[in-house]
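Colleague: Quick one, what's the 3D model for this:
(one chain, ligands or ions: 1)
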Amino acid sequence: MSNTTKNKVNINVKTNGVNEKISENNAETKQNIIYNTQDLNLWYSETHALKDINLEILENEVTAIIGPSGCGKSTYLKTLNRMVELVPGVSTTGSIAYKGDNILAKSTQVEDLRTKVGMVFQKPNPFPKSIYENVAYGPKVHGIKKKAVLDEIVEKSLRGAAIWDEVKDRLNQNAYGLSGGQQQRICIARCLAIEPDVILMDEPTSALDPISTLKVEDLIKELKKNYTIIIVTHNMQQAARISDKTVFMLNGEVIEFTETDKLFSNPKDKRTEDYITGRFG
Ligand SMILES: Nc1ncnc2c1ncn2[C@@H]1O[C@H](COP(=O)(O)OP(=O)(O)OP(=O)(O)O)[C@@H](O)[C@H]1O
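Modeller: Residues are numbered from 1 along each chain as shown. Predicted structure coming up:
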């Protein structure tokens, strides 16, 4: 990937059959497409939850997914690491290429995929273990045993999640003793410890107070230098603050997908406009 060339990047985005060309004339970085979703449909038994989704997500960007409750945001997010299949009766058509390989193919090694695609949930969910063990858990599962190596990974991950200074003197204490905002950053550190490429975040700040929310938002802006982040949020101000692109979904469809500034200042679709101006949702 070239990250020095000043290049015009053209992305073809298909939303509900409409092709829209997004030009980023000022793009400093020529980024790769990390996820290319084509004609994705998903059913929970009879419920048609995702309808003809076509989206290209670029590396090292923050992509926010917004839309009213039940529109399919979390479902789409969970297809990106195939977690959605944990629900019985789920079926899909179409494809999601992750770095070129269709992850919906039967041959996909789901465990390998999940080491590349980490996930952070709405409610902080640390393990009932020490702060150290929470972060070291993934690397240990992947066979790393040397204490010196684990120590290094734990410190690097906690620094990466902007919580090292707050916990460095109590690494052996139970993670449950931390505040909700700190627990969420421990969960982000746990995710970083497996060195993913992508971090999926499902409303990661909705259970946090405003100060912790800002800390996690600052962290997300920092993390995008090294990771691709896809975040579901109900908070439109949050999407506007932290994301490069925004997807607006409604009733299982992608209505609009464009640069965040454009989506909020000049939405193309009346339904997007109605949603962002609070007329429904
Ligand atoms: N486990 C499930 N079994 C059956 N239907 C489900 C399941 N999970 C979600 N659905 C349905 O799929 C649709 C999309 O749900 P999803 O949770 O993806 O929406 P969402 O936009 O993330 O909503 P919210 O903002 O409320 O979290 C809804 O109609 C929902 O009822």
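
Colleague: Can you tell me, leaving aside adjacent residues, what's nearest to residue 84?
Modeller: residue 78 (3.9 Å; CB to CB, 6 or more residues apart in numbering). C-beta coordinates here come from the backbone N, C-alpha and C atoms, glycine included.

Colleague: what sits against the one you found?
Modeller: 84, 200, 202 (CB atoms under 8 Å, 6 or more residues apart in numbering).

Colleague: and stretch 78-97, does that touch the ligand?
Modeller: Yes. Under the criterion of CB under 6 Å from any ligand atom, stretch 78-97 makes contact with the ligand via residue 87.

Colleague: okay, how far is it across stretch 243-259, tip to tip?
Modeller: Start-to-end span of stretch 243-259 (CA to CA, to the nearest Å) is 8 Å.

Colleague: right, I mislabeled it, should have said stretch 238-246
Modeller: By CA to CA, one end of stretch 238-246 lies 11 Å from the other end.

Colleague: is any part of that stretch close to the ligand?
Modeller: No. Shown here: stretch 238-246 not in contact with the ligand (CB under 6 Å from any ligand atom), separated by at least 13.1 Å.

Colleague: Can you list the buried residues in that stretch?
Modeller: 238-246 (16 or more other CB atoms under 10 Å).

Colleague: now swap in stretch 172-188 and tell me
Modeller: Those would be 175, 178, 181-188, for stretch 172-188 by 16+ other CB under 10 Å.

Colleague: Of those, which are in range of the ligand?
Modeller: Counting by CB under 6 Å from any ligand atom, no member of the buried residues of stretch 172-188 reaches the ligand.

Colleague: Now that we have those residues, can you turn them into TSV and tack on secondary structure, pLDDT and distance to residue 125?
Modeller: Listed next are these as TSV, based on DSSP: H, G, I helix; E, B strand; the rest coil; pLDDT from 0 to 100; distance: CB to CB, whole Å:
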residue	secondary structure	pLDDT	distance to residue 125
175	helix	97	10
178	coil	96	13
181	helix	93	14
182	helix	95	13
183	helix	96	8
184	helix	93	9
185	helix	95	13
186	helix	96	10
187	helix	96	6
188	helix	95	12
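
Colleague: Including distance to residue 117, could these go into a markdown table?
Modeller: Output for the buried residues of stretch 172-188, formatted as a markdown table (distance: CB to CB, whole Å):
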| residue | distance to residue 117 |
| --- | --- |
| 175 | 23 |
| 178 | 25 |
| 181 | 24 |
| 182 | 24 |
| 183 | 21 |
| 184 | 18 |
| 185 | 19 |
| 186 | 19 |
| 187 | 15 |
| 188 | 14 |
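
Colleague: Looking at these, spot the one nearest residue 34.
Modeller: For the buried residues of stretch 172-188, the minimum distance to residue 34 (CB to CB) is 19.0 Å, reached by residue 188.

Colleague: which residue sits closest to that closest one, ignoring its sequence neighbours?
Modeller: residue 161 (4.3 Å).

Colleague: Contact partners for that neighbour?
Modeller: 185-186, 188-189, 192, 219.

Colleague: let's see 7 Å
Modeller: 185, 188-189, 192, 219 (CB atoms under 7 Å, 6 or more residues apart in numbering).

Colleague: quick revisit: out of the buried residues of stretch 238-246, which sit inside helices?
Modeller: 238-242 (DSSP state H).

Colleague: ok, so of these, who is nearest residue 227?
Modeller: residue 242 (13.1 Å).

Colleague: So the closest one versus the ligand, what's the distance?
Modeller: 18 Å (CB to the nearest ligand atom, to the nearest Å).

Colleague: Write out the residues of the chain neighbouring the ligand.
Modeller: Counting by CB under 6 Å from any ligand atom, the chain comes close to the ligand at 44, 47, 49, 67, 69-75, 87.

Colleague: which residue sits closest to residue 163, ignoring its sequence neighbours?
Modeller: Closest to residue 163 by CB to CB, 6+ apart is residue 185, at 4.1 Å.

Colleague: same deal with residue 166?
Modeller: In space, residue 166 is closest to residue 182, 6.2 Å off (CB to CB, 6+ apart).

Colleague: Which of the helices or strands spans residue 262?
Modeller: Residue 262 belongs to helix 260-265 when elements are defined using DSSP states H and E.
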